[in-house]
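S.K.: build the 3D model from these lines:
(one chain, ligands or ions: 1)
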Amino acid sequence: MSLHSWTTRAVHAGKDDLAALGLHAPPIDLSTTYPSHDVVGEATRLDEFAEGHDDGGPPVYGRVANPTVRRFENALAELEGAEAAVAFSTGMAALSACLLAQVAAGRSHVVGVRPLYGTTDHLLDSGLLGTSVTWASPEDAASAITGRTGLVVVETPANPTLDEVDLRALTDACAPVPVLVDSTFATPVLQHPLEQGAAMVLHSATKYLGGHGDVMGGVVACGEDMARSLRQIRFVTGAMLHPMAGYELLRGLSTLAVRVHGASATAAELARRLADHPGVTRVHYPSIGGAMVSFETSADPVTLVSAVRLITPAVSLGSVDSLIQHPASLTHRIMDEVSRKEAGISPDLVRLSVGLEDVEDLWGDLDQALAHAAR
Ligand code: MET
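M.R.: Next up is the predicted model:
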């Protein structure tokens, strides 16, 4: 256990050995393979990796493990208060591994709490990976659990409505079934789901952890037993995080706190101003804060999104620059209309990811776009 504060650890995690190595920036290991003259020793090591162990030694092959990716995994585990973390090529690859691990263990039933990110909802609803789902409210989740339930899946604050779930109440009610929390919107700056009884925390690292819109990744922080199952799945599915992405994500962690706090202050102010705007019928902003704001508008939401000039009209979130999108058209388009309605996602909802621009400039852009789209 480190004596330093969380913010300090976010700057140094995954890099504690660098000075002793005579380095300042973490080395990027791009090897696809790891030579060894000890063939028998390598064979034994490969067996260990195939069973999901990772002792930190030479990875044998680039799909199996990577020293730069391990630095990011170790740092994220430390910042989430987890025993381990396993990194993947995207957030959806990370979620897929969680589901496949449950299917492999013979527990293919999932209880899902809506709303979730649209493709997550679709993956569960379609059963494409061999799972089945029962949708439930947070209050009813425990009663939806059966003998074959391997996972309860929840996202808080949720994409795109920013609904929040009382994680302590949910994990207490659902125990001993593991609860997976998609904490992408909160980041470990604002929330630590493992402290509230969750078994797994998932991040689309593409968003705040990277923070600059130029790296894709996913990561799950959890106990070592679960991590072993996830590494087994990653070993065979090949959804490994690229070492360059591991480097960028580790770098992103060192500025995460200052980015999230800065953008959150602006987002809270925009949420206040939007609530007073005549073209806005409802504002969604989480009690824990954060840099995401959603709002329902009496204006035409599609015209509004196309009318921004400073803010970028694009899916994704968590970058230093602000992005806006219409969930019914993009992030949650893959859901059918009935499911969207059940999840509380209005066709009038617009989702804003607030970046690090000046609040007055962002407000000016939103205000002119709302006026342009008025109907
Ligand atoms: C292709 S939809 C987009 C991705 C991302 N998860 C978001 O919520 O914006």
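
S.K.: hang on, T331 in a strand?
M.R.: No. With DSSP: H, G, I helix; E, B strand; the rest coil as the criterion, T331 is located in coil rather than a strand.

S.K.: these two touch, right, it and A158?
M.R.: No. In this structure T331 lies outside contact range of A158 using C-beta atoms under 8 Å: 11.6 Å. The C-beta positions use only the backbone N, C-alpha and C, and glycine is treated the same way.

S.K.: and these two? Which one has more around it.
M.R.: A158 (25 against 20; other C-beta atoms under 10 Å).

S.K.: check contacts around that one.
M.R.: By C-beta atoms under 8 Å, 6 or more residues apart in numbering, the contact list for A158 reads R114, P115, L116, E164, V165, F185.

S.K.: rerun at 10 Å
M.R.: Taking C-beta atoms under 10 Å, 6 or more residues apart in numbering, we find A158 in contact with 113-117, 164-165, 182, 185, 284, 286, 292, 294, 343-345.

S.K.: and L249, what does it touch?
M.R.: 14, 68-69, 71-73, 75-76, 87, 203, 205-206, 209-211, 215-217, 219, 241, 256.

S.K.: so it, which state does it fall into?
M.R.: Under three-state DSSP, L249 falls in the helix class.

S.K.: how much space between it and T206?
M.R.: Separation of L249 from T206 (C-beta to C-beta, to the nearest Å) stands at 9 Å.

S.K.: between the two, which contacts overlap?
M.R.: V215, M216, G217.

S.K.: still on that earlier bit, what is the nearest of the contacts of A158 to G57?
M.R.: D182 (31.9 Å; C-beta to C-beta).

S.K.: which residues of the protein lie near the ligand?
M.R.: Y117, N159, S204, V315, S316, L317, L330, T331 (C-beta under 6 Å from any ligand atom).

S.K.: which two from those residues end up farthest apart in space?
M.R.: S204 and L330 (15.1 Å).

S.K.: show me where pLDDT drops low in this protein?
M.R.: For the chain, applying pLDDT under 70 flags the ranges 1.

S.K.: tell me where it has helices.
M.R.: Per DSSP state H, the chain carries helices over the ranges 6-12, 18-21, 39-50, 67-80, 91-104, 118-126, 167-174, 187-190, 224-237, 243-275, 301-307, 337-342, 359-373.

S.K.: most tightly surrounded among those?
M.R.: Of all the helices of the chain, helix 67-80 carries the top mean neighbour count, a mean of 24, counting by mean count of other C-beta atoms under 10 Å.

S.K.: and the chain, what are its domains?
M.R.: Using automatic domain parsing, the domain parsing of the chain gives 6-255, 256-373.

S.K.: now do the end-to-end distance for the first one.
M.R.: End-to-end distance of domain 6-255: 12 Å, with C-alpha to C-alpha, to the nearest Å as the criterion.

S.K.: same check on the last one?
M.R.: Chord length of domain 256-373, first to last residue, is 34 Å (C-alpha to C-alpha).

S.K.: centre of the chain to it, how far?
M.R.: Taking C-alpha atoms, centre = their mean, to the nearest Å, one finds the center of domain 256-373 at 18 Å from the center of the full chain.

S.K.: which residues sit in contact with the most centrally placed residue in the chain?
M.R.: Nearest to the mean C-alpha position of the chain, by C-alpha atoms, centre = their mean, lies H203 at 2.2 Å. Shown in contact with H203 (C-beta under 10 Å, 6+ apart): 76, 80, 85, 87, 91, 94, 181-188, 209-210, 217-221, 249, 318.

S.K.: cool, L3 as well?
M.R.: With contact set as C-beta under 10 Å, 6+ apart, L3 has these partners: R9.

S.K.: any chance of the backbone angles for it?
M.R.: Dihedral pair for L3: phi -80, psi -10, per degrees, to the nearest 10.

S.K.: so how far is the ligand from it?
M.R.: Note on L3: its distance to the ligand, by C-beta to the nearest ligand atom, to the nearest Å, is 36 Å.

S.K.: go on, V308?
M.R.: 16 Å.

S.K.: how many other residues sit next to that residue?
M.R.: V308: 20 neighbours (other C-beta under 10 Å).

S.K.: list the contacts of it.
M.R.: V308 makes contact with S322, L323, I324, L352, L362, D365, L366, Q368, A369, H372, A373, according to C-beta under 10 Å, 6+ apart.

S.K.: next, format these as JSON lines and append distance to P301.
M.R.: Shown next, in JSON lines, are these (distance: C-beta to C-beta, whole Å):
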{"residue": "S322", "distance to P301": "17"}
{"residue": "L323", "distance to P301": "15"}
{"residue": "I324", "distance to P301": "10"}
{"residue": "L352", "distance to P301": "12"}
{"residue": "L362", "distance to P301": "18"}
{"residue": "D365", "distance to P301": "16"}
{"residue": "L366", "distance to P301": "13"}
{"residue": "Q368", "distance to P301": "15"}
{"residue": "A369", "distance to P301": "10"}
{"residue": "H372", "distance to P301": "12"}
{"residue": "A373", "distance to P301": "7"}
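
S.K.: which pair in these has the greatest spatial separation?
M.R.: L323 and H372 (18.3 Å).

S.K.: doesn't E139 make contact with A169?
M.R.: Yes. The criterion here is C-beta atoms under 10 Å, and A169 meets it with E139 at 8.3 Å.

S.K.: residue contacts, whichever residue of the stretch 151-300 of the chain sits closest to the ligand?
M.R.: Residue of the stretch 151-300 of the chain nearest the ligand, by C-beta to the nearest ligand atom: N159 (5.2 Å). If a contact means C-beta under 10 Å, 6+ apart, then N159 has 115-121, 182, 184-185, 204, 207, 292, 294, 317, 327, 331-332, 345, 351 as its contacts.
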